[in-house]
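**Q** All I have is the shape, not the residue letters:
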């Protein structure tokens, strides 16, 4: 029991260091701390519970196998999230669910696109309770295509820049900006509709 207590009191960085030395108990503590977040990230990408569970478990296996490659340049959770995202992208491509839509005539100009991009969170949703807002966002995200949802997750939730998203997903910067534009517009519309439904007597 004292061993478990000792592990629980350690920081992620300390746990990673001992896990890199072969201490499985330290890695198990990392899994216990972050498995819900990693599963949630996988689910946000694939939208199927069983697939998300399999992919998140595969991410933890890969993390253990590659743990010595982790050098602490980012947080452990960021590193884990990137592993998970890459597995999800590979999964979507294998299942041919990662469709490429035709691009409008556009230029690879982030500033031009930013002027067009609608905000994800519209003012009416601010009246919703926090838990209800999360439910509405989750429901709306499920109605986006895999391609649109992926760039939205990477940009809005992971904080990736256009170039990084383009490199991660394997598309052009112009395609990233186009998908983000349509994803934001669709999500804002869905959230507004869900909010209007919740607010109606």
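**A** Arrived safely. Values in this document were obtained by computation on a predicted structure and should not be read as measured data.

**Q** Where do the helices of this protein begin and end?
**A** 2-8, 12-20, 24-46, 49-65, 76-94, 110-116, 130-141, 146-152, 162-169, 173-199 (DSSP state H).

**Q** name the helices or strands packed onto the second one?
**A** Judged by 3 or more CB pairs under 8 Å, 6 or more residues apart in numbering; DSSP states H and E, the packing partners of helix 12-20 are helix 24-46, helix 76-94. To be clear about C-beta, it is placed using only N, CA and C from the backbone, and glycine gets the same treatment.

**Q** Is it possible to get a markdown table of those that adds mean neighbour count?
**A** Shown next, in a markdown table, are the helices and strands packed on helix 12-20 (neighbours: other CB atoms under 10 Å):
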| stretch | mean neighbour count |
| --- | --- |
| helix 24-46 | 18 |
| helix 76-94 | 18 |
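
**Q** Where does the prediction get shaky in the chain?
**A** 1-5, 96-131, 133, 193-201 (pLDDT under 70).

**Q** Mind splitting it into its structural domains?
**A** What automatic domain parsing lists as the domains of the chain is 2-94, 110-199.

**Q** Stretch 132-142: which residues count as buried?
**A** Residues of stretch 132-142 classed as buried: 133, 136-137, 140-141 (neighbour count, 16 or more other CB atoms under 10 Å).

**Q** try stretch 165-177
**A** 165-166, 168-169, 171, 173-177.

**Q** Closest one of these to residue 79?
**A** Checking these against residue 79 by CB to CB gives residue 168 as the nearest, at 13.9 Å.

**Q** so that closest one touches residue 155, yeah?
**A** No: the criterion here is CB atoms under 8 Å, and residue 168 misses it with residue 155 at 10.9 Å.

**Q** what's the closest non-adjacent residue to residue 84?
**A** Distance criterion CB to CB, 6 or more residues apart in numbering; nearest residue to residue 84, sequence neighbours excluded, is residue 59 at 4.3 Å.

**Q** and if you look at residue 88?
**A** residue 45 (3.9 Å).

**Q** now swap in residue 43 and tell me
**A** residue 52 (3.8 Å).

**Q** mind listing what residue 162 touches?
**A** 110, 155, 173, 176-177 (CB atoms under 8 Å, 6 or more residues apart in numbering).

**Q** quick one: residue 83 from residue 65, how far?
**A** Using CB to CB, to the nearest Å, residue 83 is found at 10 Å from residue 65.

**Q** typo on my end, it should be residue 94
**A** According to CB to CB, residue 94 and residue 65 sit 20 Å apart.

**Q** which other residues reach stretch 63-75?
**A** So stretch 63-75 is contacted by 12-13, 16, 19-20, 27, 76, 79-80, 83 (CB under 8 Å, 6+ apart).
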